[in-house]
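Participant: model the structure of this input:
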Amino acid sequence: MLLFWAQGYEATSVRDLITAMGISSSSLYEAFGDKQAVFLAALARYCTIEQARVRQMADAAATPQSFVEALFTSLDDLNQYPGQTRGSFAFNTMVEFGTRHEGVTKQLLDHYYKIVDIIAAKLAEEQSAGAISSALPPLHLTHTILSTLQGLATLKSVQADFAHRQAVTQMILHLLDR
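Facilitator: Sure thing, here's the model as predicted:
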């Protein structure tokens, strides 16, 4: 997963994979079938980890505002590897593949909508409890939050010290109080 995350699919060779995994090429082909299957398994693993991370942030947040703040602050952690700008593996894959591969597209859309479900459920719960004064539908808020997160992730992947993350976060938080 880390190799594909750092290099992308096209730039990662089977030789790179067997070296990183510490297995023979016959073991790789026996276990996975081909490079594409290894990639899909790595992407699935990343998506599971990211969904669990978002769920944990939602559960741990004392307020909906602190949850949204945590989502945006987590962008700062995407580029924590010295000398590398990794960004989000899921987002990088979306950019690299576009819609060229049906399996990848399906996996990424499924991942996106699972994240949507987590965030929208948290916002709906908090809206019902009165912790969010916005009358905007939680699903609309969620898509706005995720679209903005993806845009910021893109900017931070080319400029890690992008100075306006906090201002953008504050604008999104303002939507919760409309």
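Participant: tell me which residues in the strand or helix carrying Ala37 are buried?
Facilitator: Ala37 belongs to helix 35-60 when elements are defined using DSSP states H and E. For helix 35-60, burial by neighbour count (16 or more other C-beta atoms under 10 Å) applies to 35, 38-40, 42-43, 46-47, 50-51, 54-55, 57-58. Quick note: C-beta positions are derived from backbone N, CA and C, even for glycine.
Participant: now do stretch 90-109
Facilitator: 90-94, 97, 101, 104, 107-108.
Participant: quick check: helices, which of these are part of them?
Facilitator: 90-94, 97, 104, 107-108 (DSSP state H).
Participant: how close does Lys35 sit to Glu69?
Facilitator: As for Lys35, its distance to Glu69 is 39 Å (criterion: C-beta to C-beta, to the nearest Å).
Participant: same question for Phe4.
Facilitator: From Phe4 over to Glu69 (counting by C-beta to C-beta), the distance is 30 Å.
Participant: Val116 too?
Facilitator: In terms of C-beta to C-beta, Val116 sits 19 Å off from Glu69.
Participant: same deal with Thr19?
Facilitator: On the measure of C-beta to C-beta, Thr19 and Glu69 end up 40 Å apart.
Participant: what does Thr63 give?
Facilitator: 9 Å.
Participant: same question for Asp76.
Facilitator: Per C-beta to C-beta, Asp76 is found 12 Å from Glu69.
Participant: tell me which of the two has more neighbours.
Facilitator: Glu69 (18 against 13; other C-beta atoms under 10 Å).
Participant: so the more buried one sits against Thr169, correct?
Facilitator: Yes - if you go by C-beta atoms under 8 Å, Glu69 and Thr169 touch, sitting 6.3 Å apart.
Participant: out of the ones in helices among the buried residues of stretch 90-109, who's nearest Ala129?
Facilitator: Ala90 (30.4 Å; C-beta to C-beta).
Participant: that closest one reaches Tyr46, doesn't it?
Facilitator: Yes - assessed by C-beta under 8 Å, Ala90 is found in contact with Tyr46 at 6.3 Å.
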